[in-house]
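>>> coordinates only, sequence not included:
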């Protein structure tokens with residue numbers, strides 16, 4: 001209800017009141033902008049951009065390893081339900097400074113932030129060395145370490161001020177879950193595909209809060225691939241469904257849960273790994289681009305419409321899209337299409353360029369594959385199993401000699417820094 005000011009209300013007080021209202025309006029506007037990417041704990045539920053197939057209302061789920069049906073409890077975010085410990089308080093990380101301008105960096109600094117390297121959780125020296133170089137991120141692998149949180153705290157302390165590494169982990173559930181022994185096991189994506197979107201979101205949020213408490217702020221997932229019987233992804237139970245629209249709904253539901261906990265989800269593996277062979281061990285040719293657009297691209301388009309923050313591009317050869325023997329992760333044509341679909345702000349990350357399909361089957365090293373990916377339009381070259389110094393040096397040389405235009409490297413660095421600022425913000 002509006003009220004008139006009392007007669008003794010002076011012009012000075014009116015001025016102060018006006019100034020307060022202006023500051024309040026600016027704060028509200030800024031908060032709304034940040035909430036768009038980060039999401040909100042008080043959302044009414046995931047925004048469905050496609051209608052899922054019908055599901056069982058009982059929400060009993062298949063086992064992650066067999067077709068048997070078992071009941072899977074979802075832990076509460078506020079209590080130790082089902083014998084689980086309460087959710088720990090998320091760690092307060094060091095955000096990147098807003099005034100950092102990669103346009104003023106050296107070529108070596110630019111090269112480093114475009115690299116995501118890998119390390120086992122207990123390898124303190126490797127993690128700290130990567131952090132000291134100012135890398136874009138570190139991907140964690142097993143075996144797990146009870147000292148992981150302390151290790152990651154140490155890595156942030158030795159990193160260049162305002163530029164700590166993103167800490168990423170494969171956390172799809174089922175067979176692909178690095179932190180399961182430190183947090184708790186998750187059902188496979190295939191099992192969770194029988195759940196309601198709301199339950200998927202709750203599960204992702206509860207798990208991501210525990211990830212963040214360890215200092216892990218990037219989940220390499222959810223998996224947006226559409227299951228095809230007999231192929232690699234389906235046989236590993238890594239897809240939510242064989243129905244592309246249902247996959248889109250479930251991917252967005254999982255992403256909503258990650259966002260609510262302040263963890264970045266990386267949608268993978270564009271343009272669709274559902275009918276691919278295992279690219280860890282060799283190259284893979286998938287159906288033509290015209291076929292993928294009618295099926296495999298549907299979940300990715302739903303995710304981009306839902307403001308996905310990052311996407312992983314796979315090592316897939318696609319007739320009608322990629323050139324010759326180049327996989328999508330190193331194809332200029334494919335990465336131009338992906339950028340157009342994803343939008344200017346979305347971070348494009350390659351799958352691990354140490355995998356055979358990206359390097360050895362093409363007769364090149366992972367460092368050479370990293371240069372090729374970045375020149376073609378990726379923002380971050382993930383090279384998990386090659387010495388990080390060699391990868392940074394190769395990318396630095398490519399900026400020095402103009403193969404990777406410096407303005408392109410700066411634009412990618414700005415996207416990485418923007419993500420670092422978002423995930424580092426206190427919760």
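Happy to help now that I have it. Every value quoted in this text rests on a predicted model; they were computed, and no experiment measured them.

>>> For the spatially most central residue of the chain, give me its contacts.
Residue closest to the mean C-alpha point of the chain, counted by CA atoms, centre = their mean, is residue 266 at 2.4 Å. Residue 266 sits next to 168, 218-221, 310-312, 347, 349 when contact means CB atoms under 8 Å, 6 or more residues apart in numbering. For every residue, glycine as well, the C-beta is placed using N, CA and C.

>>> how about low-confidence regions in the stretch 301-427 of the chain?
Scanning the stretch 301-427 of the chain for pLDDT under 70 picks out 426-427.

>>> As a check, name the ranges of all strands in it.
Ranges of strands in the stretch 301-427 of the chain, per DSSP state E, counting those that start in this stretch, are 310-313, 347-350, 381-383.

>>> just to revisit the earlier point, and the two most separated of the contacts of residue 266?
Taking every pair in those and measuring CB to CB, the maximum separation is 14.6 Å, between 221 and 347.

>>> Look at residue 146 and give its secondary structure.
Using DSSP: H, G, I helix; E, B strand; the rest coil, the structure places residue 146 in coil.

>>> okay if I get the contacts of residue 266 as JSON lines plus distance to residue 100 and neighbour count?
Formatted as JSON lines, those follow (distance: CB to CB, whole Å; neighbours: other CB atoms under 10 Å):
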{"residue": "168", "distance to residue 100": "21", "neighbour count": "25"}
{"residue": "218", "distance to residue 100": "19", "neighbour count": "29"}
{"residue": "219", "distance to residue 100": "25", "neighbour count": "26"}
{"residue": "220", "distance to residue 100": "25", "neighbour count": "27"}
{"residue": "221", "distance to residue 100": "28", "neighbour count": "25"}
{"residue": "310", "distance to residue 100": "20", "neighbour count": "24"}
{"residue": "311", "distance to residue 100": "24", "neighbour count": "24"}
{"residue": "312", "distance to residue 100": "25", "neighbour count": "24"}
{"residue": "347", "distance to residue 100": "17", "neighbour count": "23"}
{"residue": "349", "distance to residue 100": "20", "neighbour count": "30"}
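
>>> Over to residue 203: give its phi and psi.
Dihedral pair for residue 203: phi -60, psi -40, per degrees, to the nearest 10.

>>> sec struct for residue 194, please.
From three-state DSSP, the assignment for residue 194 is coil.

>>> what's the neighbour count on it?
20 (other CB atoms under 10 Å).

>>> Find me the pLDDT at it, would you?
pLDDT, residue 194: 98.

>>> Against residue 219, how distant is it?
Residue 194 is 21 Å from residue 219, where distance means CB to CB, to the nearest Å.

>>> all helices in the stretch 151-300 of the chain, in order from the N-terminus.
189-192, 197-214, 232-235, 244-260, 289-294, 297-305 (DSSP state H, counting those that start in this stretch).

>>> swap in the stretch 301-427 of the chain?
332-342, 366-376, 388-400, 406-424.

>>> In the second one, which residues are buried?
Within helix 366-376, the residues that qualify as buried by neighbour count (16 or more other CB atoms under 10 Å) are 366-376.

>>> Likewise for the last one?
By neighbour count, and taking 16+ other CB under 10 Å as the criterion, the buried residues in helix 406-424 are 408-410, 412-417, 419-424.

>>> and it, what other elements does it pack with?
The contact analysis (3 or more CB pairs under 8 Å, 6 or more residues apart in numbering; DSSP states H and E) places helix 406-424 against helix 11-38, helix 107-113, strand 166-169, strand 264-270, strand 347-350, helix 366-376.

>>> Correct me if wrong: residue 386 contacts residue 367.
Yes. Proximity of residue 386 to residue 367 meets the contact threshold set by CB atoms under 8 Å, at 6.0 Å.

>>> hang on, the earlier thing: and for the residue nearest to the centre of the chain, nearest residue in space, chain neighbours not counted?
Leaving aside its sequence neighbours, residue 266 sits nearest to residue 310 (CB to CB, 6 or more residues apart in numbering; 4.4 Å).

>>> Just to check, residue 171 is in contact with residue 211?
Yes. With contact defined as CB under 8 Å, residue 171 reaches residue 211; the gap is 6.8 Å.

>>> Need the residues touching each of the two.
With contacts taken as CB under 8 Å, 6+ apart, residue 171 and residue 211 have 179, 219 as neighbours in common.

>>> who are the neighbours in contact with residue 334?
Residues near residue 334 by CB under 8 Å, 6+ apart: 271, 313, 318, 321-322, 326, 328, 376.

>>> Between the residues you listed, identify the one with the most neighbours.
For those, counting by other CB under 10 Å, the largest number of neighbours falls to residue 328: 29 neighbours.

>>> rewinding a little: adding distance to residue 202, write the helices of the stretch 301-427 of the chain out as TSV.
TSV is the format used below for these (distance: least, CB to CB, whole Å):
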stretch	distance to residue 202
helix 332-342	27
helix 366-376	36
helix 388-400	37
helix 406-424	21
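
>>> Any idea which of these gets closest to residue 175?
helix 366-376 (24.1 Å).

>>> Since that was my last question, I'll sign off now.
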